[in-house]
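Enquirer: task: produce atomic coordinates for the following.
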Amino acid sequence: MRRRAPRAPSVDTSNKEAPLELFGTIKQVFPSTTFSVELENGQTVLAHIAGRLRRHRIKILPGDRVDLEISPYDLTKGRIVYRYRAGEARRPA
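Expert: Residues are numbered from 1 along each chain as shown. As a prediction, this is how the structure comes out:
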């Protein structure tokens, strides 16, 4: 019986730039789980929910504090990766 050679990873992640991780507050809710988020620096971006939050049915409302991942290629759109509970301190960077 012949063994197969191990496969190389199909996605080359060495060329990808890491996403920017930022902190913001939900300002407005749009249809299809899209949100307007105001960042700490005052800039506003459009963000959608990450699949993990969608799968666990995490509710996000205006005024909630969230962590975002933003692509370095398009600084106007992002992905919400964490919602803070009321009174919860920010996670260490």
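
Enquirer: figure out how far the lowest-mean-pLDDT helix or strand in the chain is from the centre of its chain.
Expert: Taking mean pLDDT, DSSP states H and E as the measure, helix 51-55 is the helix or strand of the chain with the lowest mean score, a mean of 91. Here helix 51-55 is found 11 Å from its chain centre; the criterion is Cα atoms, centre = their mean, to the nearest Å.

Enquirer: over to stretch 67-75?
Expert: 8 Å.

Enquirer: who touches the least confident helix or strand of the chain?
Expert: 33, 60, 80-83 (Cβ atoms under 8 Å, 6 or more residues apart in numbering). Heads up, the C-betas are built off the backbone N, CA and C, glycines and all.

Enquirer: now the next helix or strand after it - C-alpha only, CSV.
Expert: As assigned by DSSP states H and E, the chain's next helix or strand after helix 51-55 is strand 65-70. Taking Å, rounded to 0.1, in the frame of the first residue of the first chain, the C-alpha atoms of strand 65-70 are listed here in CSV:
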residue,chain,number,x,y,z
ARG,A,65,-19.1,48.4,22.4
VAL,A,66,-17.4,46.0,19.9
ASP,A,67,-14.1,44.9,18.5
LEU,A,68,-13.6,45.2,14.8
GLU,A,69,-11.3,43.7,12.2
ILE,A,70,-10.7,46.0,9.3
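
Enquirer: what's strand 65-70 packed up against?
Expert: Here strand 65-70 touches strand 20-30, strand 34-39, strand 44-49, strand 77-83, going by 3 or more Cβ pairs under 8 Å, 6 or more residues apart in numbering; DSSP states H and E.

Enquirer: for residue 69, find the nearest of those.
Expert: strand 77-83 (4.9 Å; Cβ to Cβ).

Enquirer: what average pLDDT does the closest one get?
Expert: Mean per-residue pLDDT for strand 77-83: 95.
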